[in-house]
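Asker: Structure of the sequence below:
(one chain, ligands or ions: 1)
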Amino acid sequence: MIVIRQERKADAAAREFLLDRAYGDVRFAKTSQRLREDRLPSTGLSFVATDGGAVIGTVRLWDVSAGPGHAALLLGPLAVLPEHQGAGIGGRLMKQAIAAARMRGHGAILLVGDAPYYGRFGFSAEKTSSLWMPGPYQQDRLLALELQAGALEGASGLIGPTGRRAAKSRDGLSGPGVVVAAVSNGPVNSPTPRAA
Ligand SMILES: CC(C)(COP(=O)(O)OP(=O)(O)OC[C@H]1O[C@@H](n2cnc3c(N)ncnc32)[C@H](O)[C@@H]1OP(=O)(O)O)[C@@H](O)C(=O)NCCC(=O)NCCS
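Answerer: Numbers count the residues shown, from 1 in each chain. Next comes the predicted model:
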């Protein structure tokens, strides 16, 4: 049976394996990754899909600023193991992620992705024309969904990370569990633009 549930600490290795299969190494070069690296996901907004207990899908949301004065979430990566794609699991993960973000009182979700896919969940590029990412991306793939009407009204400027910082593990990758500073409502750190 397919189950959508909160991600647990013990799911991290399976999630990373899944992302490697779905995206390959290119995932670390994505500009969206600049907003996630060294950060923890937004509280309560990491989900996995499991089949018989095995992780087959993942989605997480991250705290960002949509320009000065506009808090938002960044969604991604969303991935489903290739052999399970096309069975509605990505859709279930998206609906769960959106519902949970709404329940937690977030105002808007941003993502960089294919409008033909994310449009079915209400995402569009309508509210993102004055926002930009800290690195290369295609503007028409920068999409948003307002969870509260007007949440992105006047949103303009660089999208920056605002989430809690993750501790660095010995291999230099961010560890999933350790918080070294809580800055979720603090000032936006302007990330240094880097090539994707
Ligand atoms: C994108 C992804 C998460 C969708 O998960 P999924 O479980 O296969 O999705 P669902 O079964 O809920 O939905 C399948 C539908 O989405 C469509 N779809 C899938 N990827 C799409 C894309 N990139 N653009 C447009 N439509 C897409 C399928 O054609 C199918 O359409 P239908 O319902 O009209 O038949 C999955 O294909 C995946 O992990 N892909 C690799 C990673 C990736 O590219 N992720 C981000 C996408 S920008």
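Asker: going forward, measure contacts between C-alpha atoms and count neighbours the same way
Answerer: Will do.
Asker: Give me every residue in this structure lying close to the ligand.
Answerer: Taking Cα under 6 Å from any ligand atom as the contact definition, the chain meets the ligand at 22-23, 78-80, 85-91, 113-114, 116-117.
Asker: what about burial for the residues you listed, which qualify?
Answerer: 22, 78-80, 89-91, 113 (16 or more other Cα atoms under 10 Å).
Asker: With secondary structure and pLDDT added, can I get these in CSV?
Answerer: What follows is those, written out as CSV (DSSP: H, G, I helix; E, B strand; the rest coil; pLDDT from 0 to 100):
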residue, secondary structure, pLDDT
22, helix, 93
78, coil, 98
79, strand, 97
80, strand, 97
89, helix, 98
90, helix, 98
91, helix, 98
113, coil, 97
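Asker: pLDDT weak spots in the protein?
Answerer: 169-196 (pLDDT under 70).
Asker: Return the member of the residues of the chain next to the ligand nearest to residue 154.
Answerer: Residue 154 has its nearest neighbour among the residues of the chain next to the ligand in residue 113, at 22.3 Å by Cα to Cα.
Asker: if I look at that closest one, how far off is residue 17?
Answerer: 21 Å (Cα to Cα, to the nearest Å).
Asker: Of all pairs in the buried ones among the residues of the chain next to the ligand, which one is the farthest apart?
Answerer: 89 and 113, at 17.1 Å, using Cα to Cα across those.
Asker: which stretches of the protein form helices?
Answerer: Ranges of helices in the chain, per DSSP state H, are 12-23, 31-34, 89-103, 115-118.
Asker: out of those helices, deepest packed?
Answerer: helix 31-34 (a mean of 20; mean count of other Cα atoms under 10 Å).
Asker: and that helix, how far out from the chain's middle?
Answerer: From the chain centre to the centre of helix 31-34 is a distance of 10 Å (Cα atoms, centre = their mean, to the nearest Å).
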